[in-house]
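Enquirer: Got a sequence here, can you build the structure:
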Amino acid sequence: HIATSLPLPSERGHLRPRIDLIVFMIDIKNKYSLKNVEASLAHVDANFFLGKTCFLVTGVGRVNCCSVDMNDVWKLGEVYCSPMLFCEVELEGVRVATAQRLLRMLQICAGHVPGVSSLSFGSLMRSSAAD
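Expert: So this is what the prediction gives:
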């Protein structure tokens, strides 16, 4: 399911499926994108930041058109202990690889990969990003 912002509408909330992963998308070419994500973060239960959220940063191939300070983006990942994925959506190969990576993350977060928890997977992603 896709939402442009949080909180989700309360009507029909009892019919909503379980949420296994929240992907916050930030378009670095749009300063309102970061503001929307920052406003939405307040509506997420703190338990989700233990391996069930990530930030997907798009537009990274056009840093010269950047409207968002990348330090602010990196800070979100640190503050919320969530992995960062970077993608240039205009490049099909990168877009497909990113979609596959997100799908794998979702499988882990939903508990469909034996022996790997979302919490341990999140830790691995953060430690590999630091290397």
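Enquirer: Show the residue spans covered by the strands in the chain.
Expert: Here the chain has its strands, by DSSP state E, at 22-27, 53-58, 84-87.
Enquirer: What helices and strands are in contact with the shortest one?
Expert: Think strand 84-87. Judged by 3 or more CB pairs under 8 Å, 6 or more residues apart in numbering; DSSP states H and E, strand 84-87 is in contact with strand 53-58, helix 70-79, helix 92-109. In short, each C-beta sits where N, CA and C put it, glycine included.
Enquirer: same thing but at 6 Å, please
Expert: Secondary-structure packing of strand 84-87 (3 or more CB pairs under 6 Å, 6 or more residues apart in numbering; DSSP states H and E): strand 53-58.
Enquirer: Just give me how far the strand it packs on sits from the chain centre.
Expert: Chain-centre distance of strand 53-58: 3 Å, with CA atoms, centre = their mean, to the nearest Å.
Enquirer: what do you get for stretch 94-113?
Expert: For stretch 94-113, the distance to the chain centre is 11 Å (CA atoms, centre = their mean).
Enquirer: List the buried residues for that stretch?
Expert: 98, 101, 102, 105, 108, 109 (16 or more other CB atoms under 10 Å).
Enquirer: how about it as CSV, C-alpha atoms only?
Expert: In CSV, the C-alpha atoms belonging to stretch 94-113 read as follows (Å, rounded to 0.1, in the frame of the first residue of the first chain):
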residue,chain,number,x,y,z
VAL,A,94,19.1,0.7,-10.6
ARG,A,95,15.4,0.9,-10.2
VAL,A,96,15.0,-2.9,-10.7
ALA,A,97,17.8,-3.6,-8.3
THR,A,98,16.4,-1.3,-5.7
ALA,A,99,12.9,-2.8,-6.0
GLN,A,100,14.4,-6.3,-5.5
ARG,A,101,16.3,-5.1,-2.5
LEU,A,102,13.1,-3.6,-1.0
LEU,A,103,11.2,-6.8,-1.7
ARG,A,104,13.9,-8.8,0.1
MET,A,105,13.7,-6.4,3.1
LEU,A,106,9.9,-6.8,3.1
GLN,A,107,10.2,-10.6,3.2
ILE,A,108,12.6,-10.4,6.1
CYS,A,109,10.4,-7.8,8.0
ALA,A,110,7.3,-10.0,7.4
GLY,A,111,9.1,-13.0,8.9
HIS,A,112,9.3,-15.0,5.7
VAL,A,113,13.1,-15.6,5.8
